[in-house]
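Enquirer: Give me a 3D structure for the following:
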Amino acid sequence: MRLTPSTVLTAWLAAIALLSFAGRDTASAQEQVPPPIVLGSPVDCAIPEVCWVQNYYDHDPGPGAEDYTCGRRAYDRHRGIDIRVANLEVMRQGIPVIASADGVVAGTRDGMPDTGIVDADPASVRDKECGNGVAIRHKDGWITQYCHLLEGSIAVAKGQEVRKGDRLALIGLSGLTEFPHVHLEVRNGSRSIDPFVGYEATGKCGTAGKPLFENAFLEKTPYVETGLLNAGFTDRPPKSKEVLQGEHVNETLPVDAPALIYWVELFGTQPGDRDRFTIRAPDGRVIVQQTRPAQEGHSARHLAYSGLRRPQNGWPGGEYQGTFELLRDEVGETKVAFQIERSIVIGTPQTATLAAATSPTATTAPPPAQPSRTEAGPQAAAPAQSAPPASPAPAPSDPRTDESATAEQETQVASAEDDSGFSAAHIAERAAELLPTEIPTLFKSTGGQKGPPPWQVAAGLLLVILGVASIAYITRR
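Expert: Numbering: from 1, shown residues only. Here you go, the predicted structure:
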């Protein structure tokens with residue numbers, strides 16, 4: 001074909017028209033934002049005293065994980081939020097999962113045992129990672145899905161209309177999970193949405209958006225970097241599986257208890273954090289004060305403890321006080337990032353009352369530490385900011401630790417174990433199909449499209465060709 005001015009001009013106009021038309025289509029698609037859905041709490045429990053948000057939606061497009069604040073409270077490819085309870089003892093009390101909005105039940109699944117994968121191969125729940133679940137269709141293309149529900153607790157059926165706040169089931173431990181919780185996933189069509197930032201957020205962490213949750217829920221679930229899972233006193237070194245079962249939380253211990261151990265289980269600890277334990281006898285004397293070495297990495301779950309073996313003549317009766325502080329270096333200062341206090345009676349409550357009344361030093365015991373945000377160094381006195389209510393991640397044991405107590409002094413015992421990240425089970429945890437033969441794509445999370453759409457590539461190539469042809473034509477003239 002002979003290259004003439006009219007041919008070049010016609011081709012240029014065609015390319016511009018293509019770009020303009022495609023641009024209008026793109027703008028039109030961008031304008032078709034669905035009306036927002038307003039979500040209430042998916043659980044009927046006291047937040048954060050009994051239930052709390054454990055894990056958030058992952059906004060990192062790569063193999064890492066970042067929550068919507070660019071923090072580390074997420075794991076790779078997690079497309080929902082996890083609301084948990086402390087342990088299986090609380091789960092057995094029956095924690096209701098409720099509909100976050102009006103809708104129609106799209107599907108359910110029941111019959112999976114509440115064993116999780118704590119002692120099982122993740123392959124045993126392949127294609128059923130959601131465990132027992134409920135999916136609800138809402139108007140304007142919105143879908144909510146609730147996973148890991150308690151076996152036999154599902155109270156709705158497919159096709160049933162539900163209202164916001166209606167009971168769906170109970171929090172359980174079914175499917176691909178290692179701790180009791182409900183996984184809530186929100187979609188519009190095939191697009192997965194972080195309910196804490198809404199539909200119009202860009203997807204990258206730290207971007208502004210309009211949350212889908214109503215204010216009442218948002219006010220109860222402020223974001224915190226580090227928080228409490230469990231804590232208590234016990235007479236033997238605690239193991240993570242025992243803590244998950246709700247063990248090692250005692251109100252009293254006998255005077256012949258083999259040891260007095262104060263333990264804590266936290267989420268969201270960071271590299272460089274140090275544990276400091278202090279235990280005071282009924283007369284106010286400090287009988288344990290130990291600061292553990294700095295942690296090496298981020299921990300999804302951090303279990304640590306410190307204490308004493310039983311003295312030769314047994315334990316003096318009375319109330320013992322334990323203080324735990326998480327020390328964190330920030331901008332040249334050591335701050336108390338988290339603090340929690342617990343107490344235990346050795347003997348009987350009557351023994352504690354009598355000891356307090358007759359102890360000559362009880363009235364001169366040092367007062368409790370007052371809240372503070374900074375201190376001179378890791379060995380300074382124990383001021384701390386107050387901890388949130390006993391609440392806010394589970395994990396298999398870190399192979400670097402053996403959970404057994406080690407004698408660091410003649411009578412002192414101390415140990416710590418970290419889960420430096422989430423296990424492969426967590427990475428794989430995603431909403432699975434509930435009814436694969438009837439709604440095959442409803443519960444599949446599809447990744448976002450990478451790169452420019454095909455029309456842009458074609459139009460760009462056409463413009464490049466026309467540009468080269470124009471230069472060649474002008475040069476020949």
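
Enquirer: Residue 174 contacts residue 151, doesn't it?
Expert: Yes. Here residue 174 reaches residue 151: they are 5.9 Å apart, a contact under CB atoms under 8 Å. Where C-beta positions appear, they are placed from N, C-alpha and C, glycine not excepted.

Enquirer: Report the set of residues contacting both of the two.
Expert: Shared contacts of residue 174 and residue 151, defined by CB atoms under 8 Å, 6 or more residues apart in numbering, are found at 112, 113, 114, 132.

Enquirer: Let me see the contact set for the third one.
Expert: It stands for residue 114. Contacts of residue 114 (CB under 8 Å, 6+ apart): 91, 150, 151, 172, 173, 174.

Enquirer: got it, and the second one?
Expert: With contact taken as CB under 8 Å, 6+ apart, residue 113 is in contact with 151, 174.

Enquirer: hang on, the earlier thing: closest one to residue 315 out of the contacts of residue 114, please.
Expert: Nearest to residue 315, judged by CB to CB, of the contacts of residue 114 is residue 91 at 33.0 Å.

Enquirer: isn't that closest one right up against residue 177?
Expert: No. Counting by CB under 8 Å, residue 91 does not reach residue 177; the two are 11.3 Å apart.

Enquirer: Of those two, which one has the most company?
Expert: Taking neighbours as other CB atoms under 10 Å, residue 91 and residue 177 compare with residue 177 leading, 28 against 22.

Enquirer: ok, the more buried one to residue 317 distance?
Expert: 42 Å (CB to CB, to the nearest Å).

Enquirer: Over to residue 159?
Expert: For residue 159 relative to residue 317 (CB to CB), the value is 62 Å.

Enquirer: Those two - which one has more neighbours?
Expert: residue 317 (18 against 9).

Enquirer: From residue 130, how far off is the more buried one?
Expert: 51 Å.

Enquirer: same thing with residue 220?
Expert: Counting by CB to CB, the gap from residue 220 to residue 130 is 25 Å.

Enquirer: which one of those two has more residues nearby?
Expert: Neighbours per residue (other CB under 10 Å) separate residue 220 from residue 130, with residue 130 holding more: 29 against 15.

Enquirer: Can you report phi and psi for that one?
Expert: Dihedral angles of residue 130 (phi, psi; degrees, to the nearest 10) stand at phi -70, psi -20.

Enquirer: start to end distance for stretch 163-170?
Expert: End-to-end distance for stretch 163-170: 17 Å, by CA to CA, to the nearest Å.

Enquirer: That one: which residues count as buried?
Expert: 164, 166, 168, 169, 170 (16 or more other CB atoms under 10 Å).

Enquirer: Neighbouring strands - and their directions - for the helix or strand that the third one is a member of?
Expert: Assessed by DSSP states H and E, residue 168 sits inside strand 167-170. Sheet pairing for strand 167-170, assigned by DSSP bridges, gives strand 96-98 (antiparallel).

Enquirer: show me the contacts for the closest residue to residue 280 other than its chain neighbours.
Expert: Distances taken as CB to CB, 6 or more residues apart in numbering put residue 321 closest to residue 280, at 4.5 Å, once the chain neighbours are dropped. With contact taken as CB under 8 Å, 6+ apart, residue 321 is in contact with 279, 280, 341, 342, 343.

Enquirer: Please identify which pair of those residues lies farthest apart.
Expert: 280 and 342 (11.6 Å).

Enquirer: overlap in contacts of the two?
Expert: 321, 322.

Enquirer: picking that back up, extract the CA atoms of the helix or strand encompassing the residue nearest to residue 280 and return them as CSV.
Expert: Per DSSP H and E: residue 321 is located in strand 318-330. Provided in CSV are the C-alpha atoms of strand 318-330 (Å, rounded to 0.1, in the frame of the first residue of the first chain):
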residue,chain,number,x,y,z
GLY,A,318,-1.3,-15.3,100.4
GLU,A,319,-1.8,-13.3,97.2
TYR,A,320,1.1,-13.1,94.7
GLN,A,321,1.2,-10.3,92.1
GLY,A,322,2.6,-10.7,88.6
THR,A,323,3.5,-7.9,86.2
PHE,A,324,4.6,-8.4,82.6
GLU,A,325,6.0,-5.6,80.5
LEU,A,326,7.0,-5.7,76.8
LEU,A,327,9.9,-3.4,76.3
ARG,A,328,10.4,-1.8,72.9
ASP,A,329,13.1,0.6,71.7
GLU,A,330,11.8,3.6,69.8
